[in-house]
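**Q** Sequence first, predicted model second:
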Amino acid sequence: MAVMFDLATFLPYLLNRAGTRVARAFGRELMVHDLTIQKWRVLAALWHQPNQSLGALAQMTSLEVSTLSRLIGGLERRGLARRRRSGGDGRTVTIALSAKGRRITEKLIPIALDYESTMLTGFTKKESALLKSMLVRVYESMERFDGAEESPAPAAPTRRSARTSARRS
């Protein structure tokens, strides 16, 4: 029996396709400020919630800690972010925007909101809110796969396990 699969309606494909189109367009706006989508995500997350630990920031931005640490280093060298030791023992480090980082982020937020508005053209406010809440649920439902990238690659699926996986998707 052949597996029914329509790429045009496959949710991961649709999410990636929409995200890629937005990232490409918004990325051109960010290049003017010598920023990437990943750096923007860090700036926006720090604007939203200042003084975050590296772990909390990694979770909020969906970036690996090692990647995030390098990005923070670059943002620090440009004077956009700063790390501070905090806590009683001085081992805890928090990251925050610098004044320059806040200014750039505040300049970019209206542009980001304009992209969001364009994305939601034709949606009612209720539909927009529903879509956002549904995407949060999609993200949360994928929690069971967290850490999968750290484990060894699975063996190639057998024909039977591939069919079973396809039915679950």
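**A** Thanks, I have the structure now. Numbers count the residues shown, from 1 in each chain.

**Q** Low-confidence ranges, this structure, go.
**A** For the chain, applying pLDDT under 70 flags the ranges 87-89, 147-169.

**Q** residue ranges of the helices in it, please?
**A** 11-31, 37-48, 54-61, 65-77, 99-119, 125-141, 159-168 (DSSP state H).

**Q** deepest of the ones you listed, which one?
**A** Most buried of these, by mean neighbour count (mean count of other C-beta atoms under 10 Å): helix 37-48, with a mean of 20. C-beta here means a position set from N, CA and C on the backbone, and glycine is covered the same way.

**Q** Show me how far that helix is from its chain's centre.
**A** 9 Å (C-alpha atoms, centre = their mean, to the nearest Å).

**Q** now stretch 3-19
**A** 19 Å.

**Q** begin at 35 from here
**A** Happy to do that; since the first residue is 35 now, the last one works out to stretch 37-53.

**Q** Test my guess that M94 contacts L80.
**A** No - look at M94 against L80 with C-beta atoms under 8 Å: they stay out of range, at 9.1 Å.

**Q** shared neighbours, those two?
**A** Q86 (C-beta atoms under 8 Å, 6 or more residues apart in numbering).

**Q** Alpha carbons of stretch 98-108, as PDB, please.
**A** Once non-C-alpha atoms are left out, stretch 98-108 reads as follows in PDB (Å, rounded to 0.1, in the frame of the first residue of the first chain):
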ATOM      1  CA  GLU A  98      22.100  26.300  20.700                       C
ATOM      2  CA  VAL A  99      24.100  27.600  23.700                       C
ATOM      3  CA  SER A 100      27.400  27.400  21.700                       C
ATOM      4  CA  THR A 101      26.000  29.400  18.800                       C
ATOM      5  CA  LEU A 102      24.400  31.900  21.200                       C
ATOM      6  CA  SER A 103      27.600  32.400  23.100                       C
ATOM      7  CA  ARG A 104      29.400  33.300  19.900                       C
ATOM      8  CA  LEU A 105      26.600  35.600  18.800                       C
ATOM      9  CA  ILE A 106      26.700  37.400  22.200                       C
ATOM     10  CA  GLY A 107      30.400  37.800  21.900                       C
ATOM     11  CA  GLY A 108      29.900  39.500  18.500                       C
END
